[in-house]
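K.L.:
I would like to see how this sequence folds:
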Amino acid sequence: MAAVTQAASSDTARLSLDKPIYTISVAAEILAVHPRTLIMYEHLGMVVPHRTPTNRRRYSQRDLLTLQAIQRLTKTHGLNLNAARYVIRLLQTLDAHRIPRPEFLADVDIAHVRI
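P.N.:
Residues are numbered from 1 along each chain as shown. Sure, this is the predicted structure:
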């Protein structure tokens with residue numbers, strides 16, 4: 001019974017992370033960037049927001065977490081966007097194989113990042 005409850009709660013958490021609720025202006029304000037920056041990230045394939053039936057962009061919590069990880073790598077660590085994508089994929093591989101990360105990348109949270 002406890003396993004069913006845990007599975008249901010993890011499904012609810014996953015749904016809430018992927019629910020598209022933020023408009024481009026709200027997402028830009030949360031991330032402290034210009035909305036045009038989010039459009040640029042979309043064109044580069046860094047994040048793909050959900051589209052409403054009227055073709056408006058909606059960002060999920062997972063999208064914002066992905067963008068925050070990218071910002072940390074570009075602003076704090078001085079990487080360009082392609083390098084940030086590469087490092088995130090490497091960190092995901094390290095975490096999947098339970099290999100310790102380099103200490104200088106310990107501050108990059110990629111637990112919910114999808115690239």
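
K.L.:
Relative to P100, how far out is the most centrally placed residue in the chain?
P.N.:
Geometric centre of the chain, nearest residue: T66, 1.4 Å, by Cα atoms, centre = their mean. Relative to P100, T66 is positioned 23 Å away (Cβ to Cβ, to the nearest Å). Any C-beta I mention is one placed from the backbone N, CA and C, and that applies to glycine too.

K.L.:
Which pLDDT value goes with S16?
P.N.:
Reported pLDDT at S16 in the predicted model: 87.

K.L.:
nearest residue to it other than its sequence neighbours?
P.N.:
Excluding its sequence neighbours, the residue lying closest to S16 (Cβ to Cβ, 6 or more residues apart in numbering) is Q61, at 6.8 Å.

K.L.:
residues near that neighbour, how many?
P.N.:
Neighbours of Q61 under the rule other Cβ atoms under 10 Å: 16.

K.L.:
Could you list which residues are in contact with it?
P.N.:
Contact analysis of Q61 by Cβ atoms under 8 Å, 6 or more residues apart in numbering lists 16-19, 21, 112.
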